[in-house]
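K.L.:
Next comes the sequence, and after it the predicted model I'd like to discuss.
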Amino acid sequence: MFDLKKNIKAETVDKAIKHLAENPDAKLIAGGTDVLIKLRQGKSEYCELVDIHDIDELKFIRIDDDKSIVIGSGMVFSKIIESDIIKKHIPMLCEAAESLGGPQVRNMATIGGNICNGVTSADSASSLFTLNAILILKGEDGTREIPISDFYLGPGRVDLKKCEVLTAFKITHDNYQGYFGHYYKYAMRDAMDIATIGCAVCLKTKNGILKDYRIAYGVAGPVPMRCRETEKTVINKKVSKDLLDEIAKTVEKDVNPRTSWRASREFRINIIKELSKRATKKALKRAGEKF
Amino acid sequence: MTSHGFREITFSINGKEKKLHIDVRKSLLEVLREQLGLTSVKQGCAVGECGACSVLVDDVLIDSCIFLAVWAHGKKVRTVEGEAKNRKLSKVQQAYVDEGAVQCGFCTPGFIMATTSFVEKHKGEKKTREEIRKDHAGNLCRCTGYQNILKAVEKCINSDLVK
């Protein structure tokens, strides 16, 4: 039995917003794979819930007229993996989704929940950072859009205002077309584990030159993060083995991992450097670069 | 609609329609065990790590310990109790028996449901050991009888016979 005081079922997003307004202490629950575990641990801030589990309105993946890919926040990871749109246009997001939890968790956990709980280890976050994903939030005063990099405020804290529901993620055409990416998760176990470090790379090349380069990490700091200095340093450089070494060297200055029982700061830095090379190499191969 | 307390749900459990008056705080695991006596559904870790409580909801494999019972409303739930038909074990169950894929048995019902979901989803496909392992990664066996479980799953896939 979960220590719930209230569990209010919302049939639509609008009703969820209304329920949130009427119950200021209530939190949203979608897949439940994080919230129910927090409740099990006795975290009383989750004892009042507004339930948006399985709302049809939030379960979609579509391509809009402006060619943006829009992913509903209620999409579970196994559906993202199976989506032809995602497989074709953003395969790195499939890789991130596949690395998360185990089959049962992927069947339940939603991409919206993965981002809204604000943890740095969220497997989908770093890929979404490199794709410049835009979050669509609906509240009492209508909808607003915010880049994912602005959404994270601190560990476990996101810019989800009172009475707001994250409804979708938008990846615009210019942020996926012509890009090649890879997500590399390093964890102690191959499944059912939280990332020690997660690294996403998304890049574009032309005639052997790195035209655009984006690299993001999970667990390399208190929140998922892009490595802007590294990106600035390597853009417009020639693709080579030396470039991989340069990325690995520069990336260290961008990150700030901590020591926890999972891994020490030093070990994480070592993994961060190595993964930058591996993920970049894989993305470059996908882009058809030989070096 | 009640916001707390009790709620009435209707769902199909192993092919039979049921209407239940349930406490909204309960997990599906608790309702299945306590109100329906379906004790094949085991509570192991209670936090979605071990898979001993795995059941199928609309043929999707889930951990019933972190699934609110109210979410089962209008759905089709399957547990090991409903897998044998006409006193005959399902192909998956028979494969587990044939391969001796059972030690203490606590994880077995969850594993059977995971394999059932896997085999139904990939009917007619050839699957590698690695793929079988990946799709059973949400189920733990503390007796570590994984080799025979793998053999049982391979047998189901190879014979390509799902009940």
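P.N.:
Yep, it's here. Residues are numbered from 1 along each chain as shown, chains lettered A, B, ... in the order given.

K.L.:
Do stretch A:123-140 and chain B come into contact?
P.N.:
No. Contact of stretch A:123-140 with chain B is not found when judged by C-beta under 8 Å from any C-beta of the partner chain; the minimum separation is 14.2 Å. Using the backbone N, CA and C atoms, a C-beta is placed for each residue, glycine as well.

K.L.:
Between the two ends of that stretch, how far is it?
P.N.:
30 Å (C-alpha to C-alpha, to the nearest Å).

K.L.:
which parts of that stretch are buried?
P.N.:
Burial within stretch A:123-140, assessed by neighbour count using 16 or more other C-beta atoms under 10 Å in any protein chain shown, is assigned to A:123-139.

K.L.:
and the residue in the stretch 1-150 of chain A that chain B sits nearest to, what does it touch?
P.N.:
Closest contact between the stretch 1-150 of chain A and chain B, by C-beta to the nearest C-beta, is at residue A:102 (2.8 Å). The contact partners of residue A:102, taken as C-beta atoms under 8 Å, 6 or more residues apart in numbering or on different chains, are A:191, A:192, B:51, B:137, B:138, B:139.

K.L.:
for residue B:17, same thing?
P.N.:
Counting by C-beta under 8 Å, 6+ apart, residue B:17 touches B:10, B:11.

K.L.:
One more: the one 5 residues further on?
P.N.:
With contacts defined as C-beta under 8 Å, 6+ apart, residue B:22 is in contact with B:6, B:7, B:8, B:9, B:31, B:35, B:69, B:70.

K.L.:
so residue B:31 sits right up against residue B:69, yeah?
P.N.:
Yes. Using C-beta atoms under 8 Å, residue B:31 is in contact with residue B:69, at 4.2 Å.

K.L.:
And the helix or strand hosting residue B:117, what's buried?
P.N.:
Using DSSP states H and E, residue B:117 falls within helix B:108-121. The neighbour-count check on helix B:108-121 (16+ other C-beta under 10 Å) flags B:108, B:109, B:110, B:111, B:112, B:113, B:114, B:115, B:116, B:117, B:118, B:119 as buried.

K.L.:
how far out from the middle of the chain is it?
P.N.:
Put simply, helix B:108-121 sits 6 Å off its chain's centre (C-alpha atoms, centre = their mean, to the nearest Å).

K.L.:
ok, back up a step: which pLDDT value belongs to the residue of the stretch 1-150 of chain A closest to chain B?
P.N.:
Note on residue A:102: pLDDT of 95.

K.L.:
Dihedrals phi and psi, residue 123?
P.N.:
No chain was given, so I picked chain A. Backbone torsions of residue A:123, given as degrees, to the nearest 10, read phi -70, psi -30.

K.L.:
Next up, the contacts around it.
P.N.:
A:96, A:97, A:99, A:100, A:114, A:183, A:185, A:195, A:198, A:218.

K.L.:
Please name the nearest non-neighbouring residue to the second one.
P.N.:
Spelled out, that is residue A:97. residue A:77 (4.1 Å; C-beta to C-beta, 6 or more residues apart in numbering or on different chains).

K.L.:
Lovely, talk soon.
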